[in-house]
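Build the 3D model from these lines:
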Amino acid sequence: MSDKNGFNFSRKIWHVLGLIIPVSLYLDLFRDYNGFVYASRAVIVTYLGIFLFLLVILESIRLTSSSFEAFFFKHFGFLMKESERTRFNGTVPYFFANFLVVLFFPPEIAVLSILFLVVGDPTAAYVGSKYGKNRFYNGKSREGIIGFFVSTFVVGLIVLFLFTISKPESFLSLKWGEEISLFPVLILALGVLAACLTEFFSSTVAKGLIDDNLLIPIVSSIVISFFSFLFLRHIPSEFFFSPFDLYLQK
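Numbers count the residues shown, from 1 in each chain. Take a look at the predicted model:
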C-alpha cells in the first residue's frame with residue numbers, strides 16, 4: 001500500500017512493530033523468568049533466533065518455488081518491495097540485526113541502535129518521498145537524511161533521559177552523582193551520525209541478506225561502544241555481553 005510518492009505505509013508500520021523488542025528490553029519485561037540472571041535478554045534472543053530460523057526457511061522455499069512465491073506475494077506482497085521477489089526480503093536482515101545487538105551489546109546500546117532503524121528509516125522514507133527535492137546520486141534526499149537525523153536524535157535523547165531515571169548507574173546516564181554529564185549526548189550524536197551515514201551509503205547485496213536493516217543497528221552499536229570507551233573509559237569487557245552467559249541461572 002504505497003502513496004503517490006511511493007511511500008509504503010504497510011511496510012513501514014510492519015517495521016515499526018519492531019518497537020516491541022527495544023521496549024521489552026528497556027522495561028525488562030521478563031525479569032526473573034525461569035531463574036535466569038539475564039532473563040529478558042535470554043527470552044528475546046531465544047524467540048528472535050527461532051523466528052529468524054523459521055523465516056529463513058520460509059524465504060528459502062519462496063525463492064526456490066515459483067508457485068509458493070506467487071502465493072506468498074499475493075497475500076503478503078503489500079509488505080514487500082517488487083525487487084524482493086528475487087531476493088530475501090528486508091525482514092531477514094532486520095531481525096538478524098536485532099538478534100545480534102541484543103545478544104552482544106548492553107541494553108542501552110541495543111535499545112538505541114534498534115530505535116535508530118525503527119524510527120529513522122520510516123521517517124527518512126516519508127520525509128524523502130513527500131518533501132525530498134534535493135536528491136543525491138543514489139536517489140536519497142537531503143531532506144530524508146535530515147529527517148532521519150533529527151527524529152533519531154530526539155528519540156535517543158528521550159531514551160537517555162529514561163535510562164537516567166530508571167537506571168542512574170548506567171554508563172550512558174546523564175547524571176554523574178550530582179553533576180550533569182553531556183558525554184552521553186555527544187556519544188548519542190555520533191551514533192546517530194553513524195546511522196545516518198550507514199543509511200546513506202548502504203546498498204542491498206548478498207541476495208538481500210546485507211542491507212541497511214542489518215547495518216544500521218550493528219554499525220551504530222559499534223560506534224556507540226567505541227566512543228563510550230574513548231570518552232567514558234568503559235573497557236569492552238565491562239559492557240560487551242558473553243553469549244555463554246545467556247542462560248546463566250541465579
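
Would you mind giving the secondary structure of the closest residue to Ala194 other than its chain neighbours?
Spatial nearest neighbour of Ala194, chain neighbours left out: Val223 (4.0 Å); criterion: CB to CB, 6 or more residues apart in numbering. Using the backbone N, CA and C atoms, a C-beta is placed for each residue, glycine as well. Judged by DSSP: H, G, I helix; E, B strand; the rest coil, the three-state class of Val223 is helix.

quick one: contacts for Val223?
Residues near Val223 by CB atoms under 8 Å, 6 or more residues apart in numbering: 190-191, 194.

Neighbour-wise, which one of these leads?
Of all the contacts of Val223, Gly191 has the most neighbours under the rule other CB atoms under 10 Å, reaching 27 neighbours.

I'd say that one and Gly156 touch.
Yes. Gly191 lies in contact with Gly156 (CB atoms under 8 Å); the separation is 7.3 Å.

Spell out which residues are contacts of both of those two.
Common neighbours of Gly191 and Gly156 (criterion: CB under 8 Å, 6+ apart): 112, 116.

For this protein, which segments count as strands?
Ranges of strands within the chain are 175-176, 179-180, based on DSSP state E.

For the nearest residue to Phe171 once chain neighbours are set aside, grab the count of nearby residues.
Distances taken as CB to CB, 6+ apart put His234 closest to Phe171, at 5.1 Å, once the chain neighbours are dropped. Per other CB under 10 Å, the neighbour tally for His234 reads 17.

picking that back up, just the contacts of Val223 now: which is nearest Val45?
Closest approach to Val45 among the contacts of Val223 (CB to CB): Gly191, at 21.7 Å.

and of the contacts of Val223, the nearest to Arg142?
Among the contacts of Val223, and counting by CB to CB, the member closest to Arg142 is Ala194, at 18.2 Å.

That closest one touches Ile218, doesn't it?
No. Here Ala194 lies out of contact with Ile218, judged by CB under 8 Å, at a distance of 10.3 Å.

thinking again about what came up before, please report how far the residue nearest to Ala194 lies from Ile61.
Plainly put, Val223 is 36 Å away from Ile61 if you go by CB to CB, to the nearest Å.

how about Ala195, what does it touch?
Ala195 neighbours (CB under 8 Å, 6+ apart): 113, 116-117, 120, 148, 152, 216, 219-220.

If we use 10 Å, what do you get?
Contact analysis of Ala195 by CB atoms under 10 Å, 6 or more residues apart in numbering lists 112-113, 115-117, 120-121, 148-149, 152-153, 156, 212, 215-217, 219-221, 223-224.

Those residues in helices, which ones?
Among those, the ones falling in helices (DSSP state H) are 112-113, 115-117, 120-121, 148-149, 152-153, 156, 212, 215-217, 219-221, 223-224.

Run through the bridge partners of Val205.
For Val205, the beta-bridge partners under DSSP bridges are Ile210.

Is it correct that it is in contact with Asp212?
No. Using CB atoms under 10 Å, Val205 is not in contact with Asp212, being 11.2 Å away.

who's more crowded, those two?
Using other CB under 10 Å, the more surrounded residue of Val205 and Asp212 is Asp212, with 24 against 10.

that older thread, tell me which of the strands of the chain sits most buried.
For the strands of the chain, the largest average neighbour count (mean count of other CB atoms under 10 Å) is found in strand 175-176, namely a mean of 12.

got a list of contacts for it?
Contacting residues not belonging to strand 175-176 are listed as 164-165, 168, 181, 183-184, 232 [CB under 10 Å, 6+ apart].

Could you find which two of those residues are furthest from each other?
Ile165 and Leu232 (19.1 Å).

about what we covered before: correct me, but the residue nearest to Phe171 touches Pro184?
No. Between His234 and Pro184 there is no contact under CB under 10 Å: 11.4 Å.
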